[in-house]
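Chemist: Predicted model and sequence follow; I will ask about them next.
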Amino acid sequence: MDLLAQLGAPPPLAVLLAAFFAGMVRGYTGFGSAMIFMPVAGAYLGPKTAIGIMSIIDAVLQFAMIRSTWRHARWGEIGPLFVGYVVGLPLGVWLLVTIDPSPVRWVTSLSIVLVLTLLLTVGRIERSPGLPATLATGITSGVISGLASLGGMVLSLFWLAGPSHNAGVRGSSVAFFVPASVLSMSLLAYAGIFTPAVFQGAAWTILPYAVGIGLGSLLFGRADPRFFRPVAFGVIAAAAITSMPLLDRVLR
């Protein structure tokens, strides 16, 4: 009882459910958790608190996925992507702490819509993009990660639109965000994002997030491989709809 008292009141049920489904998506696809969690948690708790919670619970639990995904990662692409990410992330964090929250919500929503549109209209590329395109993707991912914790959607577009097989998309996503999370959390800490409210929220949401990751990983190993890309596209579509600020009244 004392521990529960120290944790304070739990977040709304919608936030806990969002953490569970975000974990399930992360476990199955290797990406997309922030696409599910951020719109809901941002609507209830504010974008700064939401991004702090998301960064903590994902950084802790992504290590449970490393062993089964590491060997499938596309390492030749991860290096240049990370270089670009390092360049773009500080700009995104600076925007997060200096601009009004409402534009942050709109940037999040419109970015997801853009990725959805590209995934549905651009055909798959038979070979990996060159170095300039890879670096540009990394920079864009870094900016959006710092601003709205949604940089993974840029990388999902990069890998889903290319020649990567299902395990490659999943493995590359997990491998990339191990060092990326260390960097982003350092910058978020410097920016003062990790308040007591953030740690309390992370303590409440980490269990449903962990259960979701376990279930999603189980489904990836047992589900028909043909379902992977439709599910990935569905994640983008769901995120595009739920992240619209106009739906705040419905989400609440």
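Modeler: Everything's here; your move.
Chemist: pretty sure residue 137 contacts residue 78?
Modeler: No - with contact defined as CB atoms under 8 Å, residue 137 does not reach residue 78; the gap is 11.3 Å. For glycine as for every other residue, the C-beta is placed from the backbone atoms N, C-alpha and C.
Chemist: Look at residue 65 and say how many residues are nearby.
Modeler: Neighbour count for residue 65, taken as other CB atoms under 10 Å: 24.
Chemist: To clarify, my last question referred to residue 182.
Modeler: 10.
Chemist: Going by neighbour count, list what's buried in the host helix or strand of it.
Modeler: Per DSSP states H and E, residue 182 falls inside helix 166-190. Residues of helix 166-190 classed as buried under the neighbour-count rule (16 or more other CB atoms under 10 Å) are 166-177, 180-181, 183-185, 187-188.
Chemist: which other helices and strands contact it?
Modeler: If you count contacts as 3 or more CB pairs under 8 Å, 6 or more residues apart in numbering; DSSP states H and E, helix 166-190 packs onto helix 13-29, helix 47-61, helix 63-69, helix 75-98, helix 131-148, helix 151-160, helix 228-242.
Chemist: Report the angle between that helix and helix 151-160.
Modeler: Calculated by axes from the mean of the first three to the mean of the last three CA atoms, to 10 degrees, helix 166-190 forms an angle of 160 degrees with helix 151-160.
Chemist: Report pLDDT for the nearest residue to residue 69 once chain neighbours are set aside.
Modeler: Distances taken as CB to CB, 6 or more residues apart in numbering place residue 171 nearest to residue 69, at 3.9 Å, with adjacent residues excluded. Looking at residue 171, its pLDDT reads 84.
Chemist: next one: the one 3 residues further on
Modeler: Each residue has a pLDDT score; the one for residue 174 is 84.
Chemist: Roughly how far does it sit from residue 85?
Modeler: According to CB to CB, to the nearest Å, residue 174 and residue 85 sit 15 Å apart.
Chemist: Could you do residue 147 as well?
Modeler: 13 Å.
Chemist: Go ahead and confirm residue 22 touches residue 41.
Modeler: No - with contact defined as CB under 8 Å, residue 22 does not count as touching residue 41 (9.0 Å).
Chemist: and residue 68, how many neighbours does it have?
Modeler: Residues near residue 68, counting by other CB under 10 Å, number 15.
Chemist: Next up, the contacts around residue 28.
Modeler: 170, 216, 217, 219, 220, 223, 228, 231 (CB atoms under 8 Å, 6 or more residues apart in numbering).
Chemist: mind redoing it with 7 Å?
Modeler: 216, 219, 220, 231 (CB atoms under 7 Å, 6 or more residues apart in numbering).
Chemist: OK, contacts around the second one?
Modeler: In this case it means residue 219. With contacts defined as CB under 7 Å, 6+ apart, residue 219 is in contact with residue 28.
Chemist: Whatever helix or strand it lives in vs helix 166-190, what angle?
Modeler: Assessed by DSSP H and E, residue 219 sits inside helix 196-222. Relative orientation of helix 196-222 and helix 166-190, computed by the same axes, to 10 degrees: 170 degrees.
Chemist: report the angle between the axes of helix 196-222 and helix 47-61?
Modeler: Going by the same axes, to 10 degrees, helix 196-222 makes 50 degrees with helix 47-61.
Chemist: What are the buried residues along helix 196-222?
Modeler: Buried residues in helix 196-222, counted by 16+ other CB under 10 Å: 197-198, 200-206, 208-210, 212-217, 220.
Chemist: Also stretch 157-165?
Modeler: For stretch 157-165, the neighbour count (16+ other CB under 10 Å) marks 157, 158, 159, 160, 162, 164 as buried.
Chemist: swap in stretch 54-71?
Modeler: So, applying 16+ other CB under 10 Å, buried residues of stretch 54-71: 54, 55, 56, 57, 58, 59, 61, 62, 65, 69.
Chemist: So which residue is dead centre in the chain?
Modeler: Centroid check for the chain by CA atoms, centre = their mean gives residue 34 as the closest residue, at 3.3 Å.
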